[in-house]
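Visitor: Any chance you can model this:
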Amino acid sequence: MKRKTLLCLTIVASMLLGVFTIGPVAAATTMGVEPDSIVNPGLGPGSTFTVEIWVRNVANLAGVEFKLGYDTTVLTATTITYGAIFGDTYFPLISVINDADGYLHYSIMEMFGEPAFTGNGKAATITFSVDSVGESVLNLYDTILGDASSPPVQIVHDPLDGYFNNMPGVQYDLTITVQGSGTTSPTPGVHTYSEGAEVDVDAIPDAGWMLDHWELDTVNVGAADPYTVTMDADHTLTAVFVEVPQIPSVTLARHSAWPEHHHYSIGKDEDSSNDLFAIVYNDGGVDIWVKVVFSVTDLADNPVGDFETAPILLPAGAMYGHKGDARYKTAFVPPSVGKYYVSAQAWYDADGDTVPDTAMGKQKTFSFSVVA
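Guide: Model prediction:
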């Protein structure tokens, strides 16, 4: 019993102090205000409305903590109620409304020994009363999602703010869309703002994707993140996500470079060349053009020359050798008798023009002798 009590106290203390080990990135996990935009001139002074704090796309969740800031000249937070994310087996840690400074602070955890939460869940419901006509960002900050480890490990996530506006007058719609795999904050959809509002939109790519650029009303406006939209008219903003480029990688396989003849006899072989071969493995994620360069020196380490194979398009995961039609092979004509040393190096096409121009991987060396 003492051991369970100490473990529970350790988890509670870790959440209160914000002491967490940062764990692996959990793509697309969010904690956000829902609905994320309330624009209603009918919510005048004396009215009330509620927002909910939802955690989405989470796994192995055991604790939630957040602060929510608001403009006290426009709103007053009146209540915070538990949102049932952990069912009936939860333990309240913090529930504070500080209206003087314009924020509330809330924290809960799963009871010890209960299974952790996975999926989408409502952490809290917050009720506001309206004090005046105006607007307020519902700023979600100091957010913590703790998992069920001991000590707890913080689950990486994206906090998503909310917005309130009850002002009459000109308002415009901001339509947010995405191309590729990812989301935004505010979320994709139609959001209404007052004329002149400056709206920051964050790009949140899924794992393996990245923001390439934004398009505002079909015009490429760069890749600044967040991107700020000035609401002077209805606008459409599109986040264009692309897959993170695969990094090419080629290596010469073990025992992968050699001559046709280790002991070559001038005048006795059918021709005057000694072919040089190599085996190349594409262990990257993309097809690339590859060649092999053989640098030859003599016994006194004097350069004899560089001899290149023809470039070949090497598919991802493929290995090409010295046999068959797909061969890395070049002819070397020995200038005289003696011993020769060869260093083989793979080169790949780094700029997409089909011409291998960049050396990669370790060199392989071998030698052979030429006799009369």
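Visitor: following whatever helix or strand Gly63 lives in, which helix or strand comes up?
Guide: According to DSSP states H and E, Gly63 maps onto strand 48-69. Using DSSP H and E, the helix or strand that follows strand 48-69 in sequence is strand 75-82.
Visitor: So which residues make contact with that following strand?
Guide: Contact with strand 75-82 is made by 48, 68, 70, 90, 92, 95, 97, 99, 104, 106, 108, 124-131, 136, 164, as judged by C-beta atoms under 8 Å, 6 or more residues apart in numbering. (Each C-beta comes from the backbone N, C-alpha and C, glycine too.)
Visitor: so how far is that strand from its chain's centroid?
Guide: Computed by C-alpha atoms, centre = their mean, to the nearest Å, the chain-centroid distance of strand 75-82 equals 35 Å.
Visitor: tell me the mean pLDDT over it?
Guide: For strand 75-82, mean pLDDT is 97.
Visitor: do the same with stretch 158-165
Guide: 95.
Visitor: Could you measure from the spatially most central residue of the chain over to Asn165?
Guide: In the chain, the C-alpha nearest the mean C-alpha coordinate belongs to Ala207, at 4.6 Å (C-alpha atoms, centre = their mean). If you measure Ala207 against Asn165 using C-beta to C-beta, to the nearest Å, the figure is 34 Å.
Visitor: Model confidence for Ala28, exactly?
Guide: pLDDT, Ala28: 88.
Visitor: If we ignore the residues flanking it in sequence, what's nearest it?
Guide: Asn57 (4.8 Å; C-beta to C-beta, 6 or more residues apart in numbering).
Visitor: State the distance from the one you found to Glu215.
Guide: 26 Å.
Visitor: try Ile155
Guide: Counting by C-beta to C-beta - Ile155 and Glu215 are separated by 32 Å.
Visitor: between those two, who's got more neighbours?
Guide: Ile155 (25 against 16; other C-beta atoms under 10 Å).
Visitor: does the closest residue to that one other than its chain neighbours belong to a helix or a strand, and which?
Guide: Of all residues not flanking Ile155 in the chain, Leu145 sits nearest, at 4.0 Å (C-beta to C-beta, 6+ apart). Per DSSP H and E: Leu145 is located in strand 135-147.
Visitor: Partner strands of the helix or strand where Ile279 lies and their direction?
Guide: Counting by DSSP H and E, the element that carries Ile279 is strand 276-282. Counting by DSSP bridges, the strands paired with strand 276-282 are strand 250-259 (antiparallel), strand 319-320 (antiparallel), strand 328-330 (antiparallel).
Visitor: Give me the buried positions along the last one.
Guide: By neighbour count, with 16 or more other C-beta atoms under 10 Å as the criterion, the buried positions of strand 328-330 are 328, 330.
Visitor: I'd like the distance from that strand to the chain centre, please.
Guide: The mean C-alpha position of strand 328-330 is separated from the chain mean by 40 Å, C-alpha atoms, centre = their mean.
Visitor: what's the answer for the shortest one, then?
Guide: Strand 319-320 sits 32 Å away from the centroid of its parent chain (C-alpha atoms, centre = their mean).
Visitor: Give me the mean pLDDT for it.
Guide: For strand 319-320, the per-residue pLDDT averages 79.
Visitor: now the first one
Guide: Computed over strand 250-259, the mean pLDDT rounds to 61.
Visitor: Name the residues of stretch 85-93 that come out as buried.
Guide: Those would be 85-86, 90-91, 93, for stretch 85-93 by 16+ other C-beta under 10 Å.
Visitor: returning to that earlier point: quick one: strands adjacent to the strand holding Gly63?
Guide: With DSSP bridges as the test, strand 48-69 pairs up with strand 30-34 (antiparallel), strand 103-110 (antiparallel), strand 117-130 (antiparallel), strand 135-147 (antiparallel).
Visitor: immediately after the first one, which helix or strand?
Guide: Scanning the chain past strand 30-34 towards its C-terminal end, the next helix or strand to appear is strand 38-39 (assignment: DSSP H and E).
Visitor: packing partners for that next one?
Guide: strand 162-165, strand 189-194 (3 or more C-beta pairs under 8 Å, 6 or more residues apart in numbering; DSSP states H and E).
Visitor: Check which helices and strands the first one sits against.
Guide: Applying 3+ C-beta pairs under 8 Å, 6+ apart, we find strand 162-165 packed against strand 30-34, strand 38-39, strand 135-147, strand 189-194.
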